[in-house]
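J.: Quick one: sequence plus predicted model below, questions after.
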Amino acid sequence: MLDIKFIRDNVDLVKKTIQDKNIDLDLDAMLSLDKEVFALNQKLQDLREEKNALTSKIPTLSEDLKQETIAKSKEISDKIKIYETELSTKQPEFNEMMLLVPNIPAKDTPIGKDDSENVILRREGTPRKFDFEPRDHYDILEMNDWADFKRVAKVCGSRSYTLKGAASRLEIALHMFIMDKLTAKGFTMITVPSMVKEEALYGTGHFPTGKDDVYYLPKENLYLSGTAEIVLTSLHSDEILDESQLPILYAGYSPCFRSEAGSAGKDVRGLIRVHQFMKVEQYVICKADIAESEKWYNTLLETAEELLKDLELPYQVIACCTGDMGAGKYKMYDLEAWTPSQNKYRETHSCSNLTDWQARRANLRYRENGTNKVKYCYTLNNTGIATPRILAPFLENHQTKDGKVRIPEKLRPYMNGKEFL
RNA sequence: GGAUGGGUGGCAGAGUGGUCGAAUGCGGCGGUCUUGAAAACCGUUGUGGGGGCAACUUCACCGGGGGUUCGAAUCCCUCCCCAUCCGCCA
């Protein structure tokens, strides 16, 4: 959400953003509705003021004056009712449109219509040259008895996974590995539920537009969260934090659920795209300062890059273009790890700065030191690690000719010091 | 699943029809006192919107929505949420 005053004062910029980000919103219609709503509120305020002045006097008036004043007050109430009725349809309509207004992207954001126009910023590491025919992660898992895709599909349907033995240990080790990295940087480990109320999804911006991607539990009237970000954003909503409490740094751990409704047929085999997975989310709430938020953005990005380097995975950094970045994002970079079986880089991390766009929705505020002014926080997030997806490049990059998998040195302390899985 | 109780300001907690945006206490902030601190005392202290250069003024908000009434934190309806006890269970 943006400040309505900002929208009024920057109509052209907001319109351009709506276009660049491919948002279905008629800003002119919204602004004319804004004018109507504003005028109605103005009239209502005047009438209420008039009425309050009358009714507050009533207890002290003589009997005949009292009757006269009551009659007058009734007349005003009738007028108020008319305007209120009008407002009761227009205000919600306006509010809904406000939820669609996108955040203004950073100036250096590539303009583009979809992920095909994302820009590769840089590549780190060199894809390995194999002196044998590399297997894909699915086959590596099967041949080592590290997974049982067929049986689990029987029980749980497609896009489900199991990991067994060493692969299962690897999954947990990776989470501990990133947790240690993040706590060393001052992040607080936090495990959060995955079942969330609807408001939380509006708060992050996943709703109203992303309803198809989210599982719904009708009996509980709760949704299955696709990321810890949803709970973390709302944890402090409706609070006014003190500036001294900021930044809040969370390493949030949760099961994540995604219906993948828009990805039918894509990545059905293996670990890349499953309905339920585990994720450590890097999450920051900081003060409303773009330089400060950029600093944290770089920390989030660096941490993820360190992880990929420690795991010895070649990767590239992608600047997501306006059409691919999502309405709420000010900036979004993806990290993609080299995946030999597909001969391409596949997304493992997604790093975003939302500035105050989410905080406005979630009503996440703080009191500024010195001025005592109440401001909206800035929020940022990045993947810490998401499993099992990252196991695909991991297993494939580190496989040996005989079907074993080498463990990168930095991870060995988490794997009983072993060199191979 | 069964049975209760409850949602009021940063927190605790009064308030059952008007003078209530809301007593009181705690906390916070400012000050007096003190070498300093504590204690004590005095003052101050919600959010959002409108008007105004400002002083200030005004509207809304006591879980959400609706209703009764000239007037609602207070009465009625409805929804949501939370807590506790019992049962079941990781």
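T.: Received the coordinates, thanks. Predicted, not measured: the structure shown is a model, and the values here were computed from it.
J.: Every contact and neighbour count from this point should use C-alpha atoms.
T.: OK.
J.: show me the contacts for the residue of the stretch 301-421 of chain A found nearest RNA strand B.
T.: With C-alpha to the nearest atom of the strand as the measure, the residue in the stretch 301-421 of chain A that lies nearest RNA strand B is A:V374; the distance is 4.9 Å. Shown in contact with A:V374 (C-alpha atoms under 8 Å, 6 or more residues apart in numbering): A:240, A:365-368.
J.: Count the neighbours of the closest residue to A:L2 other than its chain neighbours for me.
T.: If the residues on either side of it in the chain are set aside, A:L2 comes closest to A:W357, at 6.1 Å by C-alpha to C-alpha, 6 or more residues apart in numbering. Using other C-alpha atoms under 10 Å, the number of residues around A:W357 comes to 28.
J.: Can you pull the poorly scored residue ranges out of chain A?
T.: Across chain A, not a single residue meets the criterion (pLDDT under 70).
J.: And the helices in it?
T.: In chain A, the helices defined using DSSP state H lie at A:4-9, A:11-20, A:27-57, A:63-98, A:137-143, A:149-156, A:165-184, A:198-204, A:229-235, A:290-310, A:357-362, A:391-397.
J.: how far away is the residue of the stretch 101-250 of chain A found nearest RNA strand B from A:N144?
T.: Per C-alpha to the nearest atom of the strand, A:N221 is where the stretch 101-250 of chain A lies closest to RNA strand B, at 6.4 Å. Noted for A:N221: a distance of 42 Å to A:N144, by C-alpha to C-alpha, to the nearest Å.
J.: ok, those two, which is more surrounded?
T.: Per other C-alpha under 10 Å, whichever of A:N221 and A:N144 has more neighbours is A:N144, with 16 against 11.
J.: Would you agree A:G403 is in contact with A:E142?
T.: No - taking C-alpha atoms under 8 Å as the contact criterion, A:G403 and A:E142 are not neighbours in contact, 10.3 Å apart.
J.: Which one's more surrounded, those two?
T.: Summary of the neighbour comparison: A:G403 and A:E142, criterion other C-alpha under 10 Å, with A:G403 having more neighbours (17 against 12).
J.: Pop the domain breakdown of chain A in here.
T.: Here the domain parsing of chain A from automatic domain parsing is A:4-98, A:115-415.
J.: So which of these is the most surrounded?
T.: The highest average neighbour count among those, using mean count of other C-alpha atoms under 10 Å, belongs to domain A:115-415 at a mean of 19.
J.: Pull up the residues of chain A that are close to RNA strand B.
T.: Residues of chain A that fall close to RNA strand B, judged by C-alpha under 7 Å from any atom of the strand: A:42, A:44-46, A:48-53, A:55-56, A:58-59, A:70-71, A:73-74, A:77, A:88, A:221, A:239-240, A:374-375.
J.: now do 6 Å
T.: When proximity is defined by C-alpha under 6 Å from any atom of the strand, chain A lies next to RNA strand B at A:42, A:45, A:48-49, A:52, A:55-56, A:58-59, A:70, A:73-74, A:77, A:374.
J.: Relative to the centre of chain A, pull out the residue lying furthest away.
T.: Computed with C-alpha atoms, centre = their mean, the residue of chain A farthest from its C-alpha average is A:D64, at 62.8 Å.
J.: what's the distance between it and RNA strand B?
T.: Between A:D64 and RNA strand B the computed distance is 13 Å (C-alpha to the nearest atom of the strand, to the nearest Å).
J.: From A:I76, how far off is that residue?
T.: Using C-alpha to C-alpha, one gets 19 Å for the distance from A:D64 to A:I76.
J.: Next: A:S194.
T.: A:S194 sits 50 Å away from A:I76, taking C-alpha to C-alpha as the criterion.
J.: what do you get for A:K410?
T.: Noted for A:K410: a distance of 75 Å to A:I76, by C-alpha to C-alpha.
J.: what's the answer for A:E171, then?
T.: Look at A:E171 and A:I76: by C-alpha to C-alpha, they are 68 Å apart.
J.: quick one: contacts for A:P393?
T.: By C-alpha under 8 Å, 6+ apart, A:P393 lies in contact with A:137, A:313, A:337-340.
J.: ok, 7 Å please
T.: Remark: with contacts taken as C-alpha atoms under 7 Å, 6 or more residues apart in numbering, A:P393 is in contact with A:337-339.
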